[in-house]
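[1] need coordinates for the following:
(chains A and B)
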Amino acid sequence: QKEVEQDPGPLSVPEGAIVSLNCTYSNSAFQYFMWYRQYSRKGPELLMYTYSSGNKEDGRFTAQVDKSSKYISLFIRDSQPSDSATYLCAMRTSWGSQGNLIFGKGTKLSVKP
Amino acid sequence: NAGVTQTPKFRVLKTGQSMTLLCAQDMNHEYMYWYRQDPGMGLRLIHYSVGEGTTAKGEVPDGYNVSRLKKQNFLLGLESAAPSQTSVYFCASSSQGNGYTFGSGTRLTVV
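    Residues are numbered from 1 along each chain as shown, chains lettered A, B, ... in the order given. As a prediction, the model looks like this:
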């Protein structure tokens, strides 16, 4: 079993839809959870960062962490064509030399006008 | 405000040739990483460094070597390129407590 599982999609939604992207993980020691957005032929960029459980909101984006279920989500409200990208979840146990980020394989999202 | 800069952006190599990919960051980050990204495989860590003069193996280190002689630079070397090393290579850097900042990638084709 991979440490981090993420449905690769592709996921296609109409403009204005609410998008839900998810990852599951197996290592209960993960404490730091991130979402990266990667546009085609570009490097990943950090979108959201949460520590431990709970919700975090930033504009149209909401990140949720449920450590009891080992499940994290990213919600995008009022999705726009500019949100079309691959979204990667990432997580780590700690900072420093002992805790490198573990990435999901990414979900490709397409928002149609 | 350069962040992480990778050179070159594109390269075509013949099997058996060698090359070095350069990563430079201007954020004074301690940690630097080299990843490869392949369709269906996601990002896989090749090597990483937790400080100047240190390097460590990641998930897929075979066929690659790295050096971190200066804090701001992290070099990835391919001594004898193979078609299996055709990929997009990303460098990233971070400081403790923050996420990674990625470069824009190097597209390498080995024929």
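
[2] which helix or strand contains the residue positioned nearest the centre of chain B?
    By Cα atoms, centre = their mean, chain B has its centre lying nearest to B:Trp34, at 3.1 Å. Using DSSP states H and E, B:Trp34 maps to strand B:31-38.

[3] now for that strand, which elements pack on it?
    Judged by 3 or more Cβ pairs under 8 Å, 6 or more residues apart in numbering or on different chains; DSSP states H and E, the packing partners of strand B:31-38 are strand B:19-25, strand B:42-49, strand B:73-78, strand B:87-94. The C-beta positions use only the backbone N, C-alpha and C, and glycine is treated the same way.

[4] list the residues that contact the residue lying closest to A:Tyr39 once chain neighbours are set aside.
    Spatial nearest neighbour of A:Tyr39, chain neighbours left out: A:Ala85 (4.9 Å); criterion: Cβ to Cβ, 6 or more residues apart in numbering or on different chains. Going by Cβ atoms under 8 Å, 6 or more residues apart in numbering or on different chains, A:Ala85 touches A:37-40, A:108-109.

[5] list only those of those residues flagged as buried.
    Buried members of the contacts of A:Ala85, counted by 16 or more other Cβ atoms under 10 Å in any protein chain shown: A:37-38, A:108-109.

[6] could you dump those residues to a markdown table with distance to B:Gln96?
    Output for the buried ones among the contacts of A:Ala85, formatted as a markdown table (distance: Cβ to Cβ, whole Å):
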| residue | distance to B:Gln96 |
| --- | --- |
| A:Arg37 | 23 |
| A:Gln38 | 24 |
| A:Lys108 | 31 |
| A:Leu109 | 31 |
